[in-house]
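> Fold the following for me, if possible:
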Amino acid sequence: MKLAVWTYEGPPHVGAMRVATGMRDLHMVLHAPQGDTYADLLFTMIERRNHRPPVSYTTFQARDLGADTAGLFKSACQDAHDRFQPQAIMVAASCTAELIQDDPGGLAETMGLPVPVVALDLPSYQRKENFGADEAFLQLCRHLAKPVARSARVSCNILGPTALGFRHRDDLAEITALLSEMGIAVNVAAPMGASPADIARMGAAHFNVLLYPETAESAARWCEKELGQPYTRTIPIGAHATRAFIDELRALSGSTLPVDETRLRQPWWAASVDSTYLHGKRVFLFGDGTHVMAAARVARDEMGFEVCGMGCYNREQARPLRALAQEFGLSALITDDYLEVEAAIEAAAPEMILGTQMERHIGKRLGIPCAVISAPVHVQDFPARYSPQMGFEGANVLFDTWVHPLVMGLEEHLLHMFRDDFEFHDAAGPSHHGARAQPLPQSAPAAPAAADEGGSTPPPSAPPSLDNIVWLSCAERELRKIPFFVRGKARRNTETFAQQKGISEISVDTLYEAKAHYAR
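The predicted structure is shown next:
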């Protein structure tokens, strides 16, 4: 197995725990060694839940491996049923317990428990967390959902939100309110907030609303085939996508009720004078496929950004992401190695990153602002306030979140105006961090050979490449006049221009010729 400091997805049993933790009156029994109980912390610490997940562990130890670990599992199942009295029990093995091949599903079925037992087959060494959530919800539907009479009023099920999901709580509230406004009743929202009894009556809905394909697409496809319920394909992230989602809902439900857009501010704010300064900003996107594909369209079509790179870590969504990247003229990065992501971001040199908690750290190291758009996330991305990503209010939240890390027009003007001030020059450090002001650094004296032309080093004998291009002293001084937050991009563009023109020494003239070239 590959060990890493960071990982985008946990093992599949963590995905199953996300489903169980979001539900009511369901208990999960996990055949796992003592150390695997760390997963509780993901929910109680990061998501700040006020109760621990409904999961019991067998917590076998090394000394138990020579005895009857199957007996330990049976005891854990019986104890969980007697203590919690759930409507259903879900059983699985962690990645470590998978190696001892005790077959938790088969063991639980022989016990004759008076509630449904849903056994999960989670291949821990081939698949990961999102697959685990998707598979757990699919198996719950297969075991519990049955064809029933449709509701008298047009209704739908909302599929996909789980515990530990990125803004799932608020997305669910936003979309539920939108459906109510259109006169569409919500039959069941699952897994989050549902009980096994609710899963059993999912068949009463006329159609399904799929919010998160990475955790519920398999269940949506099963419901379409077995229960005759079509499902929505549009993910309502952004103003354009929300309107397209509403059109899809009208086609499925027949609703003609109007939808109030008066609280939608994002389109006007994105077109306002100060925001148009941000148009053309180059952004790199990485995260789960659902959020990256939606955010890419919002970035290009609603914010006026230029998408210079995109990728996802969950290979199950690689094909649609590659297709979208091709539409953007890009090659998608499909990897779960954060070092590959960091290298791609560094090569693309974006002005902002839209990513996960990992990209937040990468951005800090590279000095690139980052806004979080996807799980995995840390505690600060489970806010106490209402902060959806979906629907019209979600579009407003996206605007605020994405613009916040960037430098606005007036802000850049002021930073440039005071760049020689003792408190605001580049080396002084952020004043809001309480750093003491540092004296202005003295410019290094030019080399003896440097004349008015700025020469300092003889030209290299090899053809110019990015590695042997030399910056003359006068060009370096001129480059420092460019605001710090775009200086890196100006340097890279100038070096690329010099290489294309066969110039081995960059002078002031080269710097401004490159500027004129890229301004065309």
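
> Contacts only, for the residue nearest to Asp336 when sequence neighbours are not counted.
For Asp336, the nearest residue in space outside its immediate sequence neighbours is Tyr313; the separation is 4.5 Å by C-beta to C-beta, 6 or more residues apart in numbering. In this view, the C-beta of every residue, glycine as well, is placed from N, C-alpha and C. For Tyr313, the residues meeting the contact criterion (C-beta atoms under 8 Å, 6 or more residues apart in numbering) are Tyr8, Glu9, Phe286, Gly287, Asp288, Ile334, Thr335, Asp336.

> distance of Tyr313 from Phe328?
Separation of Tyr313 from Phe328 (C-beta to C-beta, to the nearest Å): 19 Å.

> Show me where the chain dips below the pLDDT cut-off.
For the chain, the stretches with pLDDT under 70 are 1-6, 61-68, 97, 99, 407-464, 466-467, 483-486, 520.

> if I look at Gly304, how far off is Glu346?
Between Gly304 and Glu346 the distance, using C-beta to C-beta, works out to 24 Å.

> Could you check which helix or strand contains the nearest residue to Glu98 once chain neighbours are set aside?
Leaving aside its sequence neighbours, Glu98 sits nearest to Ser124 (C-beta to C-beta, 6+ apart; 5.2 Å). Secondary structure assignment for Ser124, by DSSP states H and E: no helix or strand.

> for the contacts of Tyr313, which one is nearest Ala475?
Nearest to Ala475 out of these is Phe286 (C-beta to C-beta; 34.0 Å).

> Surely His27 forms part of a strand?
Yes - His27: assigned to a strand according to DSSP: H, G, I helix; E, B strand; the rest coil.

> List phi and psi for Glu214.
Note on Glu214: backbone dihedrals following degrees, to the nearest 10 are phi -70, psi -20.

> does it really touch Gln317, like I thought?
Yes - at 6.4 Å, Glu214 and Gln317 qualify as touching, with contact defined as C-beta atoms under 8 Å.

> Which neighbours do those two have in common?
Counting by C-beta under 8 Å, 6+ apart, the residues touching both Glu214 and Gln317 are Asp288, Gly289, Thr290.

> Tell me which of those fall in helices.
The members of those that map onto helices under DSSP state H are Gly289, Thr290.

> So which of the shared contacts of Glu214 and Gln317 is the closest to Thr276?
For those, the residue nearest Thr276 by C-beta to C-beta is Thr290; the value is 29.0 Å.

> tell me, how many neighbours does the closest one end up with?
By other C-beta atoms under 10 Å, the residues close to Thr290 number 26.

> Quick check: it touching Arg233?
No - with contacts defined as C-beta under 8 Å, Thr290 does not count as touching Arg233, sitting 11.6 Å away.

> how about the strands in the stretch 101-250 of the chain?
Along the stretch 101-250 of the chain, counting by DSSP state E, counting those that start in this stretch, strands occupy 117-119, 155-159, 185-190, 207-210.

> Which strands and helices lie in contact with the second one?
Secondary-structure packing of strand 155-159 (3 or more C-beta pairs under 8 Å, 6 or more residues apart in numbering; DSSP states H and E): helix 168-181, strand 185-190, strand 207-210, helix 213-226.

> Indicate which one of the ones you listed is closest to His378.
For the helices and strands packed on strand 155-159, the distance to His378 is smallest for helix 168-181, at 15.8 Å, taking C-beta to C-beta.

> If I take the closest one and strand 185-190, what angle do their directions form?
Using axes from the mean of the first three to the mean of the last three C-alpha atoms, to 10 degrees, the inter-axis angle of helix 168-181 relative to strand 185-190 is 160 degrees.

> Can you give the contact residues for helix 168-181?
Contacts of helix 168-181 with the rest of the structure, by C-beta under 8 Å, 6+ apart, involve 22, 156, 158, 160-162, 185-186, 189, 192-193, 209, 211-212, 236, 242, 246, 249, 257, 259-260, 386-394.

> ok, now how distant is Leu479 from Val470?
Leu479 sits 13 Å away from Val470, taking C-beta to C-beta as the criterion.

> next one: Asp336
Computed as C-beta to C-beta, the Asp336 to Val470 distance reads 40 Å.

> okay, stretch 115-134 in CSV with CA atoms only?
Extracted as CSV, the C-alpha positions of stretch 115-134 are listed here (Å, rounded to 0.1, in the frame of the first residue of the first chain):
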residue,chain,number,x,y,z
VAL,A,115,-34.3,-6.7,11.7
PRO,A,116,-33.0,-6.5,8.2
VAL,A,117,-29.2,-7.0,7.9
VAL,A,118,-27.5,-5.2,5.0
ALA,A,119,-24.1,-6.7,4.2
LEU,A,120,-21.5,-4.6,2.4
ASP,A,121,-18.8,-5.9,0.2
LEU,A,122,-16.1,-3.2,0.3
PRO,A,123,-12.9,-4.1,-1.5
SER,A,124,-10.6,-1.9,0.5
TYR,A,125,-7.5,-2.4,-1.6
GLN,A,126,-9.2,-1.6,-4.9
ARG,A,127,-11.8,1.1,-4.1
LYS,A,128,-12.1,4.2,-1.8
GLU,A,129,-14.4,6.3,0.3
ASN,A,130,-16.8,7.7,-2.3
PHE,A,131,-17.3,4.2,-3.7
GLY,A,132,-18.0,3.0,-0.1
ALA,A,133,-20.7,5.6,0.3
ASP,A,134,-22.2,4.9,-3.1
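
> Can you give the distance from it to the centre of its chain?
A distance of 21 Å separates the centroid of the chain from that of stretch 115-134, by C-alpha atoms, centre = their mean, to the nearest Å.

> going forward, begin numbering at 544 instead of 1
In the new numbering, first residue 544, that becomes stretch 658-677.

> buried residues in it?
659-663, 665, 667, 670-677 (16 or more other C-beta atoms under 10 Å).

> Go through those and flag which are in helices.
Judged by DSSP H, these include Glu672, Asn673, Phe674, Gly675, Ala676, Asp677 as members of helices.

> now, among these, which is nearest to Met571?
Gly675 (11.4 Å).

> What separation do you get for that closest one and Leu681?
On the measure of C-beta to C-beta, Gly675 and Leu681 end up 11 Å apart.

> ditto for Asp583
24 Å.

> do the same with Ala706
For Ala706, the distance to Leu681 (C-beta to C-beta) stands at 17 Å.

> where along the stretch 544-693 of the chain do the helices fall?
Assigned by DSSP state H, counting those that start in this stretch, the stretch 544-693 of the chain shows helices spanning 555-565, 582-584, 612-627, 647-652, 672-687.

> so of those, which one's packed in deepest?
Stretch with highest mean neighbour count among the helices of the stretch 544-693 of the chain: helix 555-565 (a mean of 28; mean count of other C-beta atoms under 10 Å).

> Which neighbouring elements make contact with that helix?
With contacts defined as 3+ C-beta pairs under 8 Å, 6+ apart, helix 555-565 has these neighbours: strand 569-574, helix 582-584, strand 598-600, strand 631-636, helix 672-687, helix 756-769.

> Arrange the ones you listed in a markdown table, one row each, with distance to Pro810 as further columns.
Formatted as a markdown table, the entries for these read as follows, by distance: least, C-beta to C-beta, whole Å:
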| stretch | distance to Pro810 |
| --- | --- |
| strand 569-574 | 41 |
| helix 582-584 | 41 |
| strand 598-600 | 44 |
| strand 631-636 | 44 |
| helix 672-687 | 32 |
| helix 756-769 | 26 |
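
> which stretch among these comes nearest Arg591?
Counting by C-beta to C-beta, and looking across all of the helices and strands packed on helix 555-565, nearest comes helix 582-584 at 11.4 Å.

> Please identify the buried residues of stretch 737-751?
Counting neighbours by 16+ other C-beta under 10 Å, stretch 737-751 gives 737-739, 741-751 as buried.

> does the nearest residue to Pro773 once chain neighbours are set aside have beta-bridge partners, and which?
For Pro773, the nearest residue in space outside its immediate sequence neighbours is Phe750; the separation is 5.0 Å by C-beta to C-beta, 6+ apart. Applying DSSP bridges to Phe750 gives these bridge partners: Cys699.
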